[in-house]
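**Q** sequence and predicted structure are below.
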Amino acid sequence: MSDKLNDERKLAHKNAFEQFMKEQYDKEESTSLIIDRKKYDMIVSYLTETVEKPDPCKKFHLKKQKFNIQIIDDQTKIYREFKKRNNTMNLPVAVKEDYFEILYDIHSVQRGHIGINKMEHQLSIRYYGIPRFVLAQFIKFCPIYNLKHVQTSQPRLNPIRSDDFLSRFQIDLVGGWIKRVEYTSG
Ligand SMILES: [Zn+2]
């Protein structure tokens, strides 16, 4: 695939994803799982004790959740410590505004356009804070993944031995076939 086509597809993917995120989350309160830039900066100011008129409850809450500050290349980053099985992880917190680039890097490794389970694993060792349902949406908007998925799912369909027109028709839809195909076994 040419780089230009690749860039165009990435842009289409990004636009669809960002549109979804905007519709879904811009209206949400700060109680959301998702940490946007504004909330991120607020957490930084609490943890570095630079906030004016701090709310003691909030500070306590953030520390209890084990958010912590790391200085990486002179930049102040929020990490979150948590237990995973028997391990203690401390991972950088992903900011909503960076979701697409983070996910795209993982998803498009060696142009593989990997699916949700592989992505979730890769993400789980790199970042904290991107929920699985966001991942699911991200993949849904990838034109390349969808193309691959349709192509590879077709040969797996077995011929259906049924005289029921509707059930055959549904199988056709699931497989993404445009027209009915031959079921000549019966
Ligand atoms: Zn993709």
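**A** In hand now; what should we look at?
**Q** going forward, measure contacts and count neighbours with C-alpha atoms only.
**A** Will do.
**Q** center of the chain - which residue?
**A** Centroid-nearest residue in the chain: residue 135, 2.3 Å away (criterion: Cα atoms, centre = their mean).
**Q** would you enumerate the residues in contact with it?
**A** Contact analysis of residue 135 by Cα atoms under 8 Å, 6 or more residues apart in numbering lists 103, 116, 119, 120.
**Q** for residue 61, see how far away it is.
**A** With distances taken as Cα to Cα, to the nearest Å, residue 135 is found 27 Å from residue 61.
**Q** among the contacts of residue 135, which pair sits farthest apart?
**A** Spatial extent of the contacts of residue 135 (Cα to Cα) is set by the pair 103 and 116 at 10.6 Å.
**Q** I'd assumed residue 39 was in contact with residue 96.
**A** No. Residue 96 is not in contact with residue 39 according to Cα atoms under 8 Å; the separation is 9.9 Å.
**Q** show me where this protein has helices.
**A** 3-25, 37-47, 56-64, 99-107, 116-124, 132-140, 143-153, 165-174 (DSSP state H).
**Q** which one of those helices lies nearest to residue 77?
**A** helix 37-47 (7.7 Å).
**Q** make CSV out of the helices of the chain and add mean pLDDT.
**A** Output for these, formatted as CSV (pLDDT from 0 to 100):
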stretch, mean pLDDT
helix 3-25, 90
helix 37-47, 94
helix 56-64, 91
helix 99-107, 96
helix 116-124, 94
helix 132-140, 93
helix 143-153, 74
helix 165-174, 45
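**Q** close to the ion: what parts of the protein are there?
**A** When proximity is defined by Cα under 5 Å from the ion, the chain lies next to the ion at 113, 142, 145.
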